[in-house]
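Student: Got a predicted structure plus its sequence, pasted below:
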Amino acid sequence: MKLPFKNIILLVLMLVSAVLGMQLRLTITIADELPPIDLKTMVPTAFGNWQEQLNFSNQIVDPNQKQMLEEIYSQTLSRTYINPNGYSIMLSVAYGKNQRRKLQLHRPEVCYPAQGFALSSKKPGKLELQGQSIAVTRLETSLGQRFEPLTYWTVVGDQVTANQNEKRLAEVGYAMRGRIPDGMIVRISSIDKDTASAYAIQSQFANALVQAIAPEHRGRFAGKTQAN
């Protein structure tokens with residue numbers, strides 16, 4: 001006998017609620033079973049044709065926002081890189097050891113408007129990283145005359161998640177295995193009025209970045225099927 005669609009949805013929600021209830025009682029984190037994360041050493045200061053740009057003053061971080069992010073995440077990393085053509089890319093990586101309760105990934109479409117930016121576009125996208133296609137989100141933001149297109153993606157455990165639903169499913173999957181996942185969000189942005197060009201350069205940067213990450217850590221940054 002076929003169940004009505006509403007009943008199927010209800011059953012799924014009940015299952016998710018039950019698993020999430022179980023997740024609240026979990027104590028084993030996958031972060032404790034894997035090599036420790038140290039963003040400053042894992043992410044090189046120079047790779048490909050990019051090198052860290054020191055004393056870069058265009059990255060705006062609201063003090064209250066920074067304090068909140070430090071409370072949410074176990075580690076954060078913010079750097080600006082420049083290539084030989086003088087093009088600058090801002091990289092932000094935030095890592096949370098425990099993705100339960102308030103320790104949830106804080107997405108740019110939330111934190112950018114909180115800093116006064118206007119959000120004019122949000123679109124799903126794909127990045128080709130070392131032969132693997134991963135889901136990303138692309139935003140167009142602005143603050144006065146500052147136009148800042150950005151690309152970001154999230155990883156729960158070692159699974160890239162395209163949206164909140166996929167993130168919840170990944171968490172449920174780990175809970176069913178008796179584990180609490182960690183999480184990472186990688187954000188790449190640049191100050192550029194030419195959005196299409198900005199996204200193309202950001203894609204090149206992302207590919208060089210992932211290639212520069214040690215093979216044993218790439219899955220934490222870009223998904224478990226990332227080629228070594």
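Tutor: It's in. Because the structure is a prediction, the values reported are computed rather than measured.

Student: For R187, give me its contacts.
Tutor: Neighbouring residues of R187 by CB atoms under 8 Å, 6 or more residues apart in numbering: 90-93, 108, 150-152. C-beta: built from backbone N, CA, C; applies to glycine.

Student: make it 6 Å
Tutor: By CB atoms under 6 Å, 6 or more residues apart in numbering, the contact set of R187 is 92, 108, 150, 152.

Student: The host helix or strand of it pairs with which strands, parallel or anti?
Tutor: Assigned by DSSP states H and E, R187 falls within strand 183-189. Partner strands and pairing direction for strand 183-189 (DSSP bridges) are strand 88-96 (antiparallel), strand 146-156 (antiparallel).

Student: any chance of these in JSON lines, with mean pLDDT and distance to I72 too?
Tutor: Output for the strands paired with strand 183-189, formatted as JSON lines (pLDDT from 0 to 100; distance: least, CB to CB, whole Å):
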{"stretch": "strand 88-96", "mean pLDDT": "93", "distance to I72": "7"}
{"stretch": "strand 146-156", "mean pLDDT": "94", "distance to I72": "13"}
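
Student: how close does the residue nearest to Y152 when sequence neighbours are not counted get to L77?
Tutor: Spatial nearest neighbour of Y152, chain neighbours left out: R187 (4.2 Å); criterion: CB to CB, 6 or more residues apart in numbering. Noted for R187: a distance of 10 Å to L77, by CB to CB, to the nearest Å.

Student: so what's R107 scoring on pLDDT?
Tutor: We have a pLDDT of 84 for R107.

Student: Tell me how many other residues crowd it.
Tutor: 18 (other CB atoms under 10 Å).

Student: cool, F47 as well?
Tutor: Counted with other CB under 10 Å, F47 comes out at 17.

Student: what residues are up against it?
Tutor: Listed by CB under 6 Å, 6+ apart, the contact set of F47 reads 208, 212.

Student: What are the boundaries of the strands in this protein?
Tutor: Remark: strands assigned in the chain by DSSP state E are 46-47, 50-52, 75-82, 88-96, 118-129, 132-143, 146-156, 159-161, 183-189.

Student: From the centroid of this protein, which residue is nearest?
Tutor: A centroid search over the chain (CA atoms, centre = their mean) returns I185, at 1.9 Å, as the residue closest to the centre.

Student: Distance check, F147 against N165.
Tutor: For F147, the distance to N165 equals 30 Å [CB to CB].

Student: Neighbour count: those two, which is higher?
Tutor: Applying other CB under 10 Å to F147 and N165 shows that F147 carries more neighbours, namely 18 against 9.

Student: Beta-bridge partners for the more buried one, please?
Tutor: Beta-bridge partners recorded for F147 (DSSP bridges): S142.

Student: Might one say that it is in contact with S190?
Tutor: No: using CB atoms under 6 Å, F147 makes no contact with S190, being 9.4 Å away.
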